[in-house]
Structures are given as structure tokens and as C-alpha cells.
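Enquirer: structure, please.
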Amino acid sequence: MTWLLAALLIPTLFWDKGPDSADTLRKAQIHNISVPASIEGPWKGVSGFSVEAADPTKMVKVPAPDIQFRRNRASATAAPWVDSNGWRFIRQPGGTYYYDAPGKSAALAAAEVFTYGVHAAIHTDADGLQPFGEMLAFLEKIDLPESPVLANIGFVDDGSPEAGEVMNLLVRRNLLFTVVHSPDPKLDLTVKLGSPEYPKSEAANPSMFAEKVRSKLTDGKRLLRLYGSDLVVGRLVGNGNSAKLFLLNYGASRTSVEGLRIRVLGGYSKYSVLDFGLPQEALLDATKEPGASEFTLKELKVFAVISLTR
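Expert: Reported below is the predicted structural model:
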């Protein structure tokens, strides 16, 4: 695959308070900020900070990552709905984004930006500064040279709202895709709304549409399968000999995920884990079968990166 992930980016804090708040940021170990142009000058005189002017009105505003509970039409239960921006970033990787992410969601927002390698500024409140600063420190530990994004589904994006909803569900179901302009023979499947195989009318139910894509691909060809949680979204980058798996727990503000079983296509035999908020741990019950590897992550609080090598 020729489409490469840009160098992974660490987001900046958008801060609209003056230099008298510098000690607050230092305590949170935050030293790279973007500020309104009106206060850029005073901030430039504060030692220990990298400061640039930014205008949120010129950025694409995205919601804070989280989950919502929506009533399931088929039952009396409330099903979790993952608010992920992954599909937006895949659709427009060159955009500049702006979050208003209070509290713990600031850390997850930073991890989401890093995972998809986009430019973003994140605004948070007093409760979010410490988690945000801790996440930035964690992200700086991750060494990842520019690597191909691993995907085996091509999606022809016509820019419509229907296409956006379908991409959203593909991300949430961990059906790893890349946007293409025409079918790519190197991919296992190409999805084009409006084609005889994928009528646009079917996109009115994006959940069922995503299930159709999964069925067409077959589970045996899925690059990534996660068992035990509907709240985790994964992304794979790598080359023929090694890969990195990013795991985002969108329910992090409410609960950690325990006993997450992971299946990755590819015969990887060595694994290492960096888990935000947890000491480094070994993966459990690792098994290798022809063409695939399975293992269990004991706990996922917010964000983890698993390195895989053959």
C-alpha cells in the first residue's frame, strides 16, 4: 500500500489565559501551547514555553471523544455509542482540528490525535490539564518512524453525509479501510456507494451496511478483531516485519476494559506493551496460528500501543 501515515503528531494545548497562568501549566508539565493572537506577544516573553498563535474559528471543530448510551430499537437496553473522530481524520487527513475536551476526555483526545497523525489543538478545563499533560509525556515515549497504514478495505468516498456515516461505522467496527478513488487490486475489498453491489439506499442503515462489508470481507481476512468490548477502536501501522497497534478506549471516562482479546492477521511472535496509566505488562495467553496472532490485554484504561514483530 502506497498511502503512508504522516509522522505521528503530538497535539498542542489551546490556552486562552494569560501568562499569569504559566505556573498552572508548568505543574501539569505542559510547555507547548497555542494561544489567541491577542496574547501571543505576552506569552512569547515567558521562558520555558513554545508558543504559537492559533484561531479556532479557522480549524475544524470536532467533538470530544466519549461514549453515549442510546436506546436500542431491538431491545430495552441502552447500547453504547462511540463518539470517535477517526472517520473524519481518515476523510481529511490534512485538516487542522480543534477540540473542546473537558476533564479526562482531554487525554483521550490527545491519544486520538496521535493515533491518526493529524494536526490539532485541544482546549480543556482545569480538571483536564493534569491528564492532558500526562498523556503528552506518554506520547513522547513512543517511537514510530513513518509507516504504512495497514488496511485491506478500500472505500470510495463521495463526500456525502451517507458516506461519512458508513465510514464512522467501519471505524467503530474495526474494519480497517483506506479512502481510494478507484478499486485497488492490492486490497481485498472495495466499497463504493451507488454501485450495484452497494446501493446508496442501503447506507440509510449504516450499521447494517457495515455488517454487509464485514460479511463481504469475511472474518478470516479482517486485519484486526477485538473481543470483549464495543468501546475500543484500533488502528494498525507497520511494514512487513513489524507493526504497531493503537488501542483507544472510548469509555475511559467511565470504565476501563478488562480482558480484551485481540487477534491480528500476520504471524507475529514478539510483543511489547506501552499502556497509559499502567505499568508495562506482558500480554496474556499469546497464541500463534498460521497467518494470525492472538493475545489478551489484561486491562485497558485509556490508550495503549502494542509493538509486534515477527
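Enquirer: tell me which stretches of this protein form helices.
Expert: 22-27, 40-44, 86-91, 105-116, 126-139, 161-172, 206-217 (DSSP state H).
Enquirer: how about the strands in the stretch 51-200 of the chain?
Expert: Shown for the stretch 51-200 of the chain, the strands assigned by DSSP state E, counting those that start in this stretch span residues 60-62, 66-71, 78-83, 96-100, 119-123, 153-156, 177-180, 189-192.
Enquirer: so which of these is nearest L278?
Expert: strand 66-71 (20.4 Å; Cβ to Cβ). Yep, even glycine has a C-beta here, placed from its N, CA and C like the rest.
Enquirer: any idea what sits nearest G259, other than its immediate chain neighbours?
Expert: On the basis of Cβ to Cβ, 6 or more residues apart in numbering, the spatially nearest residue to G259 that is not a chain neighbour turns out to be G228, at 5.5 Å.
Enquirer: show me what contacts that neighbour?
Expert: V257, E258, G259, L260, R261 (Cβ atoms under 8 Å, 6 or more residues apart in numbering).
Enquirer: using JSON lines, lay out those residues together with neighbour count and distance to G133.
Expert: Converted to JSON lines, those look like this (neighbours: other Cβ atoms under 10 Å; distance: Cβ to Cβ, whole Å):
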{"residue": "V257", "neighbour count": "23", "distance to G133": "24"}
{"residue": "E258", "neighbour count": "13", "distance to G133": "26"}
{"residue": "G259", "neighbour count": "14", "distance to G133": "30"}
{"residue": "L260", "neighbour count": "22", "distance to G133": "26"}
{"residue": "R261", "neighbour count": "15", "distance to G133": "32"}
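Enquirer: closest one of those to L129?
Expert: V257 (25.1 Å).
Enquirer: my read: that closest one touches S229, true?
Expert: Yes. With contact taken as Cβ atoms under 8 Å, V257 and S229 are classed as touching, separated by 4.5 Å.
Enquirer: quick check: neighbours shared by those two?
Expert: Joint contacts of V257 and S229 (Cβ under 8 Å, 6+ apart) are N249, G251, L300.
Enquirer: contacts only, for the first one.
Expert: Each residue near N249 by Cβ under 8 Å, 6+ apart is listed here: L108, S229, L231, V232, S256, V257, L300, K301, V302, F303.
Enquirer: out of the residues you listed, who's the most crowded?
Expert: L300 (28 neighbours; other Cβ atoms under 10 Å).
Enquirer: can you pull the contacts of that one?
Expert: L300 makes contacts with S229, V232, L247, N249, S256, V257, E258, L260, D275, as judged by Cβ under 8 Å, 6+ apart.
Enquirer: and the most centrally placed residue in the chain, what is it in contact with?
Expert: Centroid-nearest residue in the chain: E112, 3.9 Å away (criterion: Cα atoms, centre = their mean). For E112, the contacting residues are P65, S84, N85, G86, L248, by Cβ under 8 Å, 6+ apart.
Enquirer: now a ChimeraX select for only the buried ones of those.
Expert: Those of the contacts of E112 that count as buried under 16 or more other Cβ atoms under 10 Å are selected in ChimeraX with:
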select :65,84,85,86,248
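Enquirer: re earlier: and of the contacts of N249, the nearest to L223?
Expert: The shortest gap between L223 and any of the contacts of N249 belongs to V232, at 15.0 Å (Cβ to Cβ).
Enquirer: correct me, but that closest one touches L260?
Expert: Yes. Assessed by Cβ under 8 Å, V232 is found in contact with L260 at 6.3 Å.
Enquirer: quick one: common contacting residues for these two?
Expert: Common contacts of V232 and L260 (Cβ under 8 Å, 6+ apart): L226, L247, L300.
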